[in-house]
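Predicted model and sequence below, questions to follow.
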Protein chains: 2
Amino acid sequence: MSVQTYTIGELCREFDVTPRSLRFYEYKELLHPIRDGQRRLFTQSDRARLKLILRGKRFGFSLAEIKDLLDLYGVGDGQLTQLTATLEAAERHRVELTQKRDELNTALADLDEQIGQIQRLLEEKSRHHAAE
Amino acid sequence: MSVQTYTIGELCREFDVTPRSLRFYEYKELLHPIRDGQRRLFTQSDRARLKLILRGKRFGFSLAEIKDLLDLYGVGDGQLTQLTATLEAAERHRVELTQKRDELNTALADLDEQIGQIQRLLEEKSRHHAAE
DNA sequence: GACGACCTTGACGTGAACGTAAGGGGAAGC
DNA sequence: GCTTCCCCTTACGTTCACGTCAAGGTCGTC
């Protein structure tokens, strides 16, 4: 039962990123592919981390921030102090995400209002048009 | 009743940004302050746009994207075709934001699960500790 | 009338996140 | 054996979003 791995090309096609990006993420220590000679072999763990990286990027986090967050998702065992620190970091991140969600909802409400205004303007226009 | 305006410093203090940034946003045509001689006078409209700029940045939009979106928020009157195009753009943006919100909720759920795991680990540790 | 606070326009510098050649290695197919 | 992929490293280039001087104008005040 050999563990499934992915070549760089496979991951690139799946997630629509360039090889350069994956190598860059490795260089920045966000991914840790193993090697088959020169070639990189990305593990399931790498694939999961990549998902989180791309998600983080879509929310405007820097790679440095994402790197810190990724460490939260790799908890296996450790010292109690380590775990406590990790928990605190995770909860800080939770607060941050919650704020972001609230702000996003505000943005959506604003946008809806804007869309409503445009629609009213369009209706008005069409009434004028019909009245001519 | 003269319309209220803000100096660059006032806006900077209020929103915690640098003058350089505001000048940069003007250079990029995201803000359009009027002039008192050499000096910039930012209007209420500029202030509102700045709010949206900063919000957009927090969600990871580029200044170029934000510029496009800002135009949606400046609808007064225009040709019907213009309005229709604006409406379509606004609705596309709405879809984008909605997706972002859904993904954000997924991220929050994942994080909660992670936090739960860490808490279970901590409890286990403390039980072992108590058993010694 | 000098001083400090605040503003201006250049213009070069910077960090992040890659893009893009240049040159090379190894396996698979004809 | 040659070509075609797919991969590799090294290294310089690029874009974005500003930061950071430099040099100077314009107020109010002491």
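Cool, got the structure.

hang on, isn't A:Q114 packed against B:L72?
Yes. Judged on C-beta atoms under 8 Å, A:Q114 makes contact with B:L72 at a distance of 6.3 Å. For the C-beta atoms, the positions are set from N, CA and C on the backbone; glycine is no exception.

How about the contacts made by A:L52?
A:L52 makes contacts with A:I66, A:L69, A:L70, A:Y73, as judged by C-beta atoms under 8 Å, 6 or more residues apart in numbering or on different chains.

closest to A:L121 among the residues you listed?
Taking C-beta to C-beta as the measure, A:L121 lies nearest A:I66 of the contacts of A:L52, at 41.9 Å.

Which residues of chain A lie near chain B?
Within chain A, the positions adjacent to chain B are A:55, A:57-61, A:72-73, A:75, A:77, A:80, A:83-84, A:86-87, A:90-91, A:93-94, A:97-98, A:100-101, A:103-105, A:107-108, A:111-112, A:114-115, A:117-119, A:121-122, A:125-126, A:129 by C-beta under 8 Å from any C-beta of the partner chain.

Can you tell me which of those residues are classed as buried?
A:55, A:59, A:61, A:72-73, A:75, A:83, A:86-87, A:90, A:93-94, A:97, A:100-101, A:104, A:107-108, A:111, A:114-115, A:118, A:121, A:125 (16 or more other C-beta atoms under 10 Å in any protein chain shown).

Give the intersection of the neighbour lists for A:Q114 and B:L72.
Joint contacts of A:Q114 and B:L72 (C-beta under 8 Å, 6+ apart) are B:A90.

gap between the helix ranked longest in chain A and the chain center?
Ranked by residue count under DSSP state H, the longest helix found in chain A is helix A:80-131. Taking C-alpha atoms, centre = their mean, to the nearest Å, one finds the center of helix A:80-131 at 17 Å from the center of the full chain.

and the angle for it with helix B:80-131?
In terms of direction (axes from the mean of the first three to the mean of the last three C-alpha atoms, to 10 degrees), helix A:80-131 departs from helix B:80-131 by 160 degrees.

Can you list the low-confidence ranges for chain A?
Scanning chain A for pLDDT under 70 picks out A:1-2, A:76-78, A:129-132.

Which strand or helix spans the residue sitting nearest the centre point of it?
With distances taken as C-alpha atoms, centre = their mean, A:R55 lies nearest the centre of chain A, 1.1 Å away. Per DSSP states H and E: A:R55 is located in helix A:44-58.

of all of chain A, which residue lies closest to DNA strand D?
A:G9 (2.6 Å; C-beta to the nearest atom of the strand).

how about the residue nearest to that residue when sequence neighbours are not counted, what does it touch?
For A:G9, ignoring the flanking residues on the chain, the nearest one in space by C-beta to C-beta, 6 or more residues apart in numbering or on different chains is A:P19 at 7.2 Å. Neighbouring residues of A:P19 by C-beta under 8 Å, 6+ apart: A:I8, A:G9, A:C12.

for A:T86, same thing?
Contact analysis of A:T86 by C-beta under 8 Å, 6+ apart lists A:D71, A:L72, A:V75, A:G78, B:I118.

and DNA strand D, which of the residues you listed reach it?
Filtering the contacts of A:T86 for proximity to DNA strand D by C-beta under 7 Å from any atom of the strand leaves nothing.

Could you dump the residues you listed into a markdown table and include secondary structure?
Formatted as a markdown table, the contacts of A:T86 follow (DSSP: H, G, I helix; E, B strand; the rest coil):
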| residue | secondary structure |
| --- | --- |
| A:D71 | helix |
| A:L72 | helix |
| A:V75 | coil |
| A:G78 | coil |
| B:I118 | helix |
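
State the helix or strand in which the residue in chain A that chain B sits nearest to lies.
Using C-beta to the nearest C-beta, A:G60 is the residue of chain A that sits closest to chain B, at 2.7 Å. Element membership of A:G60, judged by DSSP H and E, is empty: it is in no helix or strand.

what's the nearest residue to it if we skip its chain neighbours?
Distances taken as C-beta to C-beta, 6+ apart place B:G60 nearest to A:G60, at 2.7 Å, with adjacent residues excluded.

I'd assumed B:R120 was in contact with A:L87.
No. Counting by C-beta under 8 Å, A:L87 stays clear of B:R120, with 11.0 Å between them.
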